[in-house]
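# Below are the sequence and a predicted model for it; my questions follow.
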Amino acid sequence: MDVLAELNPAQREAVEAISGPILILAGPGSGKTRVITHRVAYLITVCGINPRRIMAVTFTNKAAREMSDRLHNLVSGSAGELTLGTFHAICARILRQDGRALDINPRYVIYDASDQQSLLKRAMLAIGIDPKQYSPQAVATAISWAKSHLLTPADYVRRGRSYFEEIVSRCYERYQQLLTESNALDFDDLLMKTVQLFRKSPETLSRYQSRYLHLLVDEFQDTNLVQYELVKQLGAKHRNICVVGDPDQSIYSWRSADLRNILSFENDYPDAKLVLLEQNYRSTRTILDTASSVISANELRKPKNLWTDNEAGELTRIVETYTEQDEAQFVVNEIERLVDLREAKLGDCAVMYRTNAQSRVIEEAFVRYGTPYKLVAGTRFYERREVKDVIAYLRLVHNPQDTVSLMRVINVPGRGIGQQTLTRLSDRARSLGISPSEALRLIAEASEKDDVPEHPFSPRTTRLLADFWMMLEGFITKSRELDLVELFDTVVESSGYQRYIMSGDDGEERWDNILELRGVAQEYRHLKSTEGLIAFLEGVALVSDIDSLDETTDRVTLITLHQAKGLEFPVVFIVGMEERLLPHVRSFDDAAQMEEERRLCYVGITRAKQRLYLVRSFRRTLMGSSNVNKPSRFLEDIPGHLTSTPGWWQEGTDKVAEAVYSWGPASTSEQTSGANKPASNGAMSDLKAGDHVSHTQFGEGVVVSCKKVRDDSEVVVAFIDQGVKRLLSSLASLKKVS
């Protein structure tokens, strides 16, 4: 097929410019994935480039899978040797193949965030630092920052400027020692050590530079310093570097992403060609204009003139509720209204928020109304206890030096090996200068030979430790003969883990999760025994929340704005559009952070295809603190002709706010002294927005609106403690406060 046929002029220009560096600034919904995919297809089918000589880097496994599927349709499966994946996945393969130049054993395991925390706590305790005094999470963040800036422990020691940085440098050094003992790398190591490999071994770098004639990088605005260095290293010889991104969607500075990488690309590559993708295919004109009005206030950006041939569509709905409970109620009611009218399906709708803490009230509303939903970044599948346990067993089979996995499962199921024994094992290993796994092996070997033990364990404990090691060695032997699924079944059954799981109260549910993991293992069954285990462990280590998002189920998606990047939905609700929340209070004293908050809002808005709701509450209780927040400053940037307010939710809110602010102790004392006068049904029609009323159940409140409904009146009241309620005057028994 003609790979250029479906492209607009700008997209076609980006695909055909194959020589030298090129910067493609792609607005949201402008078809950047299509451009990257068609560019690869063009290189292969038109230019005759061997797929083996092309590397395409994405930022999520999900994006890589989508690109692979599209390429399969474009080039009929001839892109098999193409290098396609995330930075982390590609670097993991490079280190497994060539890492010995850095003394990296190819059987290394990859530690995720929870593994890193476990090992870091061990490191802190080993050097006498109390994890309760210094947060392991804060120390881990500092170490991650250091690695993202290519700082080794020695480098970090030299730059120490504060006592906390001195603490971090000591933890960092010991943490790296423990990683080495465990033959493990964390996520940041995968990138940093690849750069170090290329610096230490020019011949290795030269081999990769010669191989990759073309390098394509997606989401370039989200690269950090080490990723940019990798791009420069790999592309230095041929300089056919194509980077695609949008400075207006750079929202990951907290992950050390550096916006300057894309803003300065033309300075680093003066001969770079610039192509702007400005036509939006996703959103209505109104949504696109709303997004443009919000982002245009930023200064650190490259201006683009986004446009679309799509219809104007619905106005952006600005919705103001009284409390976060009412906010959630509005979202649920509006989604059900759209579904009832067949204007949307549940799966078309997404609710987005700035912080994970906001999801609680929203979840409660969906549960209360029985509306199906899926929460992104709840307890991740691969973080569930039983899943991590089975993976830990398999990681030990692959790499017996894996200390974190050893400590996790050596007594799961219970074998009588307690914490005191594990502490002694660790102390014994430290005194010998070896890993706990190696110390365990020596104990087992001595036990088999009936040698006099040179360790602090009783004969019974020695036998328990030896039995575990012998079981593990049996699994290792079988791993060379069995395929991955057969090995999986053997480990789960022979370790006693299946019986252990099924004996619990929630055994069936946990066993279902293990069977789900077995289903993942099935995908690697076609590989040779050891290859399948390596690929499986690498795959589960690098998976993310978004990678496992099931977009086929008909459920509402609840997701943070950061995680929503790269997704799109016909209907989007952004809740919490308030000062101190979006923008977040932490950005108030930092102009660069405030611009990132604006970009985050822009990303959320541009996820919407047909309908957009920007929702705020007048009063919000979050993390134990109740506050009255001002509307988000981003709402003020949206021109009035682009917005509407849906019905009673915002009607009279100025009067409500005015009344609530003035509602003080004096007013309360007047009410309790007999100032309340019952309002008859006939007089109820005289109520108006701003009137003070009281109710026997809901307490004191302010009328938001009052309108005729058949032979009755519907009164909407914002109660101080109970939120907004809709009541029929004939049944409400409201008392008007004079």
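Thanks, I have the structure now. Residues are numbered from 1 along each chain as shown.
# ok, and what's touching stretch 158-166?
Stretch 158-166 is contacted by residues 134, 142, 151, 156, 169 when judged by Cβ atoms under 8 Å, 6 or more residues apart in numbering. Bear in mind the C-beta positions are built from the backbone N, C-alpha and C, glycine included.
# List the buried residues for that stretch?
Of the residues in stretch 158-166, Glu165 count as buried by neighbour count, 16 or more other Cβ atoms under 10 Å.
# Quick one: end-to-end length of that stretch, please.
10 Å (Cα to Cα, to the nearest Å).
# next one: stretch 335-344
End-to-end distance for stretch 335-344: 8 Å, by Cα to Cα.
# quick check, nearest of the contacts of stretch 158-166 to Arg580?
Using Cβ to Cβ, Ala142 is the member of the contacts of stretch 158-166 that lies nearest Arg580, at 26.2 Å.
# Now do the phi/psi pair for Glu579.
With angles defined as degrees, to the nearest 10, Glu579 sits at phi -60, psi 140.
# That one: neighbouring residues, count only.
Using other Cβ atoms under 10 Å, Glu579 has 18 neighbouring residues.
# Same check on Ser264?
12.
# now Ala592
10.
# I'd like the distance from it to Arg260, if you could.
Distance of Ala592 to Arg260, computed by Cβ to Cβ, to the nearest Å: 11 Å.
# Then Phe618?
From Phe618 to Arg260 the distance is 39 Å (Cβ to Cβ).
# With Asp69 instead?
Separation of Asp69 from Arg260 (Cβ to Cβ) stands at 33 Å.
# just Asn8 next, same as before
Distance from Asn8 to Arg260, by Cβ to Cβ: 30 Å.
# buried sites along the longest strand seen in the chain?
Looking across the chain with DSSP state E, the single longest strand is strand 608-622. Of all the residues in strand 608-622, those buried under the rule 16+ other Cβ under 10 Å are 608-620, 622.
# how many other residues sit next to the closest residue to Leu191 other than its chain neighbours?
The shortest distance from Leu191 to any non-neighbouring residue, by Cβ to Cβ, 6 or more residues apart in numbering, is to Val226 (4.7 Å). Number of residues near Val226 (other Cβ under 10 Å) recorded here: 23.
# quick one: Val226 and Lys193 touch, right?
No - look at Val226 against Lys193 with Cβ atoms under 8 Å: they stay out of range, at 9.8 Å.
# Can you name the residues that contact Ile90?
Taking Cβ under 8 Å, 6+ apart, we find Ile90 in contact with 55, 57, 83.
# Can you give me the distance of the second one to Gly245?
So the one you mean is Val57. Distance of Val57 to Gly245, given as Cβ to Cβ: 12 Å.
# Give the residues shared as contacts by those two.
Contacts common to Val57 and Gly245, judged by Cβ under 8 Å, 6+ apart, are Asp218.
# The helix or strand following the longest strand of the chain: partners in the sheet, and parallel or antiparallel?
Note on strand 608-622: by DSSP states H and E, the next helix or strand toward the C-terminus is strand 625-628. In the sheet, strand 625-628 lines up against strand 608-622 (antiparallel) (DSSP bridges).
# Quick check: Pro456 is in a helix.
No - judged by DSSP: H, G, I helix; E, B strand; the rest coil, Pro456 forms no part of a helix; its state is coil.
# Skipping adjacent residues, who's closest to it in space?
Nearest to Pro456 is Arg424, by Cβ to Cβ, 6+ apart, at 5.4 Å.
# May I see the buried residues of whichever strand or helix holds the one you found?
Using DSSP H and E, Arg424 maps to helix 419-432. Under the neighbour-count criterion of 16+ other Cβ under 10 Å, helix 419-432 has 421-422, 424-426, 428-429 buried.
# C-alpha coordinates for that helix, PDB please?
Output of helix 419-432 as PDB, limited to C-alpha atoms (Å, rounded to 0.1, in the frame of the first residue of the first chain):
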ATOM      1  CA  GLN A 419      13.100 -12.900  61.200                       C
ATOM      2  CA  GLN A 420      15.800 -13.500  63.700                       C
ATOM      3  CA  THR A 421      17.200 -16.300  61.500                       C
ATOM      4  CA  LEU A 422      17.200 -14.000  58.500                       C
ATOM      5  CA  THR A 423      19.000 -11.200  60.400                       C
ATOM      6  CA  ARG A 424      21.700 -13.700  61.500                       C
ATOM      7  CA  LEU A 425      21.900 -14.900  57.900                       C
ATOM      8  CA  SER A 426      22.400 -11.300  56.700                       C
ATOM      9  CA  ASP A 427      25.000 -10.700  59.400                       C
ATOM     10  CA  ARG A 428      26.800 -13.900  58.500                       C
ATOM     11  CA  ALA A 429      26.900 -12.900  54.800                       C
ATOM     12  CA  ARG A 430      28.200  -9.400  55.700                       C
ATOM     13  CA  SER A 431      31.000 -10.800  57.800                       C
ATOM     14  CA  LEU A 432      32.100 -13.000  54.900                       C
END
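# what sits against Ile104?
Shown in contact with Ile104 (Cβ under 8 Å, 6+ apart): 95, 185, 193.
# Run a quick neighbour tally on the first one.
Burial measure for Leu95: 24 neighbouring residues, criterion other Cβ under 10 Å.
# does it count as helix, strand or coil?
Secondary structure, three-state DSSP: Leu95 is helix.
# Quick check: it touching Leu185?
Yes - with contacts counted by Cβ under 8 Å, Leu95 reaches Leu185, the gap being 7.2 Å.
# overlap in contacts of those two?
Counting by Cβ under 8 Å, 6+ apart, the contacts common to Leu95 and Leu185 are 104, 108, 193.
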